[in-house]
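>>> Would you be able to build a 3D model of this:
(one chain, ligands or ions: 3)
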Amino acid sequence: MDSFAPRPADKFSFGLWTVGNTGRDPFGHPVRAVQAPTRIVEKLAACGAWGVNLHDEDLVPFGSSAAERDAIVRDFRRALQDHGLCVPMATTNLFSQPIFKDGAFSSNDPRVRAFALQKTMTAIELGVELGAETYVFWGGREGSEADACRDPRVALQRMKDALDFLCAWCKDQGYRLRFALEAKPNEPRSDIYLPTTGHMLHFIETLAHKEMVGVNPEVAHESMAGLSFTHAVAQAMWCGKLFHIDLNAQRIGRYDQDLRFGSEDLKQAFLLVRLLEGTSGTARYEGPRHFDSHAYRSEDDEGVWEFARGSMRTYNMLKLRAQQFDADPQVRAWIAERKDAHMDPLLAGPYSKARAQALRAAQMDVAAIGAEGLHYERLDQRMLEHMLGVRS
Ligand code: GLT
Ligand code: MN
Ligand code: MN
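Ligands and ions are numbered 1, 2, ... in the order given. You can find the predicted model right below:
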């Protein structure tokens, strides 16, 4: 048995739009055929995936009649059953139709804002029907080029109003959904509102039903902003808001590449898996490991499934390496929390006048502490050696 082969317990999921990507880009036509959603389910199951995620329009083409919709959903559900896949997450396409050219929830046009809410409610019903527990919001068109068209504060208020309404509606319907907000700095808009996970985490605190809203950080999006993805994910975990995650790979300073997980910046990928799996002794992330990525445009159908298998395999390989790194006695000794019998009591507990006085009176040898080497070169080298498999 291949120890890196995906298992259901790994909770690996892919979007219909990811392995279904036809390779179309702003400069080139599709290079692969459109696949039926039922075929994607069958192929994903054969690769060892656990779940499949979708936008409303990935499954039910825009403008379908009620009867067409029901037939499509029935066939899709049968495929899920036949192949043992679940739908852990669903989302709304609020970016492809021309009506959303200047945003959905933040649009200046009340007709557009109303349509965005209507479309989202219909899409949430679809997601719930398929068993989704997480509902993602990626506001790809919520942004601007001609910035004078709208005060960004107005846009934020409109997005808050929309989410407050949708949270209340879900509660009213008795749905046990959790919302996960996904940030991106730019593309397709010049500037997208709420551009990073950090922005999202603050925005969530302003919402009426903030307990049901968390984040869906994406490797590529945080990296586009030149930021550390692991730090963003760690902050989300620290405040109990990592509801979902979009795994892929990206090189800083480029368009949204959505590359195969681990195919760029392997060190960040290693640190991310280490964080999610809690191999250093911290709480593990228990949600889906979703791949929001697609195969290179050079690939045919077979290459798409090689891409999918590779994504899951890399995650599991990094997981093993992270476990070995954190089990290494030398590493544990190097990163063990430093204790100081004099200083620790001064730093612990709530504020008090006595503590403030004691802190002001404390003596530290500032020059000596400043001169100490921390040996992070040695630690980082050891980490690389674990990553490269020469210390297993
Ligand atoms: C789109 C986007 C992704 C989002 C998807 C969810 S849609 O493919 O590029 O980052 O996660 O709406
Ligand atoms: Mn994404
Ligand atoms: Mn992306």
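>>> which residues touch residue 224?
Counting by CB atoms under 8 Å, 6 or more residues apart in numbering, residue 224 makes contact with 184-187, 250, 252-256. Where you see a C-beta, it was placed from the backbone N, CA and C, and this is true even at glycine.
>>> For residue 293, give its distance to residue 314.
For residue 293, the distance to residue 314 equals 11 Å [CB to CB, to the nearest Å].
>>> got any residues that touch both of these two?
Joint contacts of residue 293 and residue 314 (CB under 8 Å, 6+ apart) are 260-261.
>>> Neighbour count for the two, which is higher?
The residue with more neighbours, out of residue 293 and residue 314, is residue 293; 27 against 20, by other CB atoms under 10 Å.
>>> what does the model give that one for pLDDT?
For residue 293, the model assigns a pLDDT of 98.
>>> Wait, a helix at it?
No - under DSSP: H, G, I helix; E, B strand; the rest coil, residue 293 falls outside any helix and is assigned coil.
>>> show me the contacts for it.
Contacts of residue 293 by CB under 8 Å, 6+ apart are 18, 220, 247-249, 258-261, 307, 311.
>>> Please list which of those residues are also close to ligand 3.
Filtering those for proximity to ligand 3 by CB under 5 Å from the ion leaves 220, 258.
>>> Identify, from the contacts of residue 293, the entry nearest to residue 330.
Top of the list for closeness to residue 330, among the contacts of residue 293 and by CB to CB, is residue 261 at 28.6 Å.
>>> which residues touch that closest one?
Contacts of residue 261 by CB under 8 Å, 6+ apart are 219, 247-249, 269, 291, 293, 311, 314-315.
>>> 6 Å instead, please
Shown in contact with residue 261 (CB atoms under 6 Å, 6 or more residues apart in numbering): 247-249, 291, 311, 314.
>>> export these to JSON lines and tack on distance to residue 301?
As requested, the contacts of residue 261 are exported to JSON lines (distance: CB to CB, whole Å):
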{"residue": "247", "distance to residue 301": "22"}
{"residue": "248", "distance to residue 301": "20"}
{"residue": "249", "distance to residue 301": "22"}
{"residue": "291", "distance to residue 301": "17"}
{"residue": "311", "distance to residue 301": "16"}
{"residue": "314", "distance to residue 301": "21"}
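>>> Closest one to residue 323 out of those residues, please.
residue 314 (15.1 Å).
>>> And the one helix or strand the closest one maps to, what's buried?
Residue 314 belongs to helix 301-327 when assigned by DSSP states H and E. Neighbour-count burial for helix 301-327 flags 304-305, 307-326 (criterion: 16 or more other CB atoms under 10 Å).
>>> could you pick out which of the contacts of residue 224 are near ligand 2?
Counting by CB under 5 Å from the ion, no member of these is near ligand 2.
>>> And those, which is the shakiest by pLDDT?
Lowest pLDDT among the contacts of residue 224: residue 253, with 91.
>>> Near that one, how many other residues are there?
As a burial measure, residue 253 scores 8 neighbours (other CB under 10 Å).
>>> Spell out which residues of the stretch 151-300 of the chain are next to ligand 2.
218, 246, 292.
>>> Bridge partners for the second one, pull those for me.
Note on residue 246: beta-bridge partners by DSSP bridges are residue 218, residue 290.
>>> So residue 333, which state does it fall into?
Classification of residue 333 using three-state DSSP returns helix.
>>> Numbering from 485 from now on, please.
With the count now opening at 485, the last piece we talked about shows up as residue 817.
>>> At which residues are the helices of the stretch 735-876 of the chain located?
750-761, 785-811, 813-819, 828-831, 837-845, 850-855, 860-871 (DSSP state H, counting those that start in this stretch).
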